[in-house]
Every structure is written in C-alpha cells, then in structure tokens.
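Undergrad: Below are the sequence and a predicted model for it; my questions follow.
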Amino acid sequence: MPETNIICERCGKPARIQAADGKLCIICWRAVRAEKREERKKDSLNCCFGYKGATKVSDRELQIINEVMEELNKKKGL
C-alpha cells in the first residue's frame, strides 16, 4: 500500500498513513480504537448484569410456585 499524505478528520493535522482508506492519523486512530473498546466493555458488562438481574421465571410461574408452597405448608401445619 502506498504512503499518502492526508489531513486527519479528527484533529485536522497532516498525516502520512499507509492504509488505503485511512482518514485518521495514528494518534487519533489509537484514541478512537480505545474509545470503541471501552464502549464494547461497558455493553458486555451491562449484558452480564442484565442477565443476572433478570428473573428466571415468569410472574405466572412464580404465582403457581407460591400457591404450591402455601399448600405444602398448610399440609405440614405451618
């Protein structure tokens, strides 16, 4: 790939890059890459916390389980 001189879209400084479709200087490219990585990490954590906080049973199933447990407790005399 040929080296080309461009003007960085983010900081506006001239840069020499080797990527054919590059639009950022190396410093801005690294910064954008780190920002995107942080966003992915946050999204992954939110998915994990969302799964952990989610109920495994529906409201109807919960109601049925409560009714069964109440009946069992009545039979045991509690």
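TA: Cool, the structure landed. Numbers count the residues shown, from 1 in each chain.
Undergrad: remind me, longest helix of this structure?
TA: Identified as the longest helix of the chain according to DSSP state H is helix 26-53.
Undergrad: buried sites along that one?
TA: Cys28, Trp29 (16 or more other C-beta atoms under 10 Å). In this view, the C-beta of every residue, glycine as well, is placed from N, C-alpha and C.
Undergrad: Pull the helix or strand just after it out as PDB, backbone CA atoms only.
TA: Toward the C-terminus, helix 26-53 is succeeded by helix 59-76 as the next helix or strand (DSSP states H and E). Extracted in PDB, the C-alpha atoms of helix 59-76 (Å, rounded to 0.1, in the frame of the first residue of the first chain):
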ATOM      1  CA  ASP A  59     -44.900 -13.900  37.000                       C
ATOM      2  CA  ARG A  60     -47.500 -16.700  36.400                       C
ATOM      3  CA  GLU A  61     -44.900 -19.400  37.200                       C
ATOM      4  CA  LEU A  62     -44.000 -17.500  40.400                       C
ATOM      5  CA  GLN A  63     -47.600 -17.300  41.400                       C
ATOM      6  CA  ILE A  64     -48.100 -21.100  40.800                       C
ATOM      7  CA  ILE A  65     -44.900 -21.900  42.900                       C
ATOM      8  CA  ASN A  66     -46.200 -19.700  45.700                       C
ATOM      9  CA  GLU A  67     -49.600 -21.400  45.700                       C
ATOM     10  CA  VAL A  68     -48.000 -24.900  45.800                       C
ATOM     11  CA  MET A  69     -45.700 -23.900  48.600                       C
ATOM     12  CA  GLU A  70     -48.600 -22.400  50.600                       C
ATOM     13  CA  GLU A  71     -50.500 -25.700  50.200                       C
ATOM     14  CA  LEU A  72     -47.500 -27.700  51.300                       C
ATOM     15  CA  ASN A  73     -47.100 -25.500  54.400                       C
ATOM     16  CA  LYS A  74     -50.800 -26.000  55.200                       C
ATOM     17  CA  LYS A  75     -50.400 -29.700  55.000                       C
ATOM     18  CA  LYS A  76     -47.400 -29.700  57.300                       C
END
